[in-house]
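S.K.: Sequence plus the predicted model coming up.
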Amino acid sequence: MAVYINDTCINCGACIDECPVEAIVDEDENPTGEEFHFVHGDKCVECVSHHEVPACATSCPTEDCIVWDKVGDSPEHRDDITDDMRVSQTSIIEE
């Protein structure tokens, strides 16, 4: 599993700077052609072994921009994130 950046992204770059595995690219390198940042699901490790929570989500200034979703064939890393949260794209940032 990996994080997903939706179209509310303001392209500030905060998430790119915080990603420990360089899984996030800016809008110019987004393979979908959309005008916002993109997470390569096969590279994202959800910050397991790097941080307590995904660093991209904690650095993002836009509410509900970074969510959980099933992306590619990347393995499930975190037991505390349920399949329901991933499918519904529920925000991972608790308020």
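M.R.: That came in fine, so what should we check first?

S.K.: Now for T62: which residues touch it?
M.R.: The neighbours of T62, taking CB atoms under 8 Å, 6 or more residues apart in numbering as the test, are T8, C9, I10, C12. Bear in mind the C-beta positions are built from the backbone N, C-alpha and C, glycine included.

S.K.: What of C47?
M.R.: The contact partners of C47, taken as CB under 8 Å, 6+ apart, are P20, V53, P54, A55, C56.

S.K.: State the helix or strand in which it lies.
M.R.: Assigned by DSSP states H and E, C47 belongs to neither a helix nor a strand.

S.K.: please begin residue numbering at 3 from this point
M.R.: Noted, 3 is the first residue going forward, which turns the last one into C49.

S.K.: any idea how far I12 is from it?
M.R.: Using CB to CB, to the nearest Å, C49 is found at 21 Å from I12.

S.K.: what does K45 give?
M.R.: Distance from K45 to I12, by CB to CB: 22 Å.

S.K.: Look at the two and report which has more neighbours.
M.R.: Neighbours of K45 and I12, each counted by other CB atoms under 10 Å, are more numerous for K45; the result is 15 against 12.

S.K.: Excluding residues flanking it in the chain, which one is nearest the more buried one?
M.R.: Nearest residue to K45 in three dimensions, chain neighbours excluded: A25, at 3.7 Å (CB to CB, 6 or more residues apart in numbering).

S.K.: do the same with V55
M.R.: C49 (6.7 Å).

S.K.: same deal with A57?
M.R.: E20 (3.9 Å).

S.K.: Enumerate every residue touching the one you found.
M.R.: Contacts were defined as CB under 8 Å, 6+ apart; by that measure E20 touches A57, C58, T60, S61.
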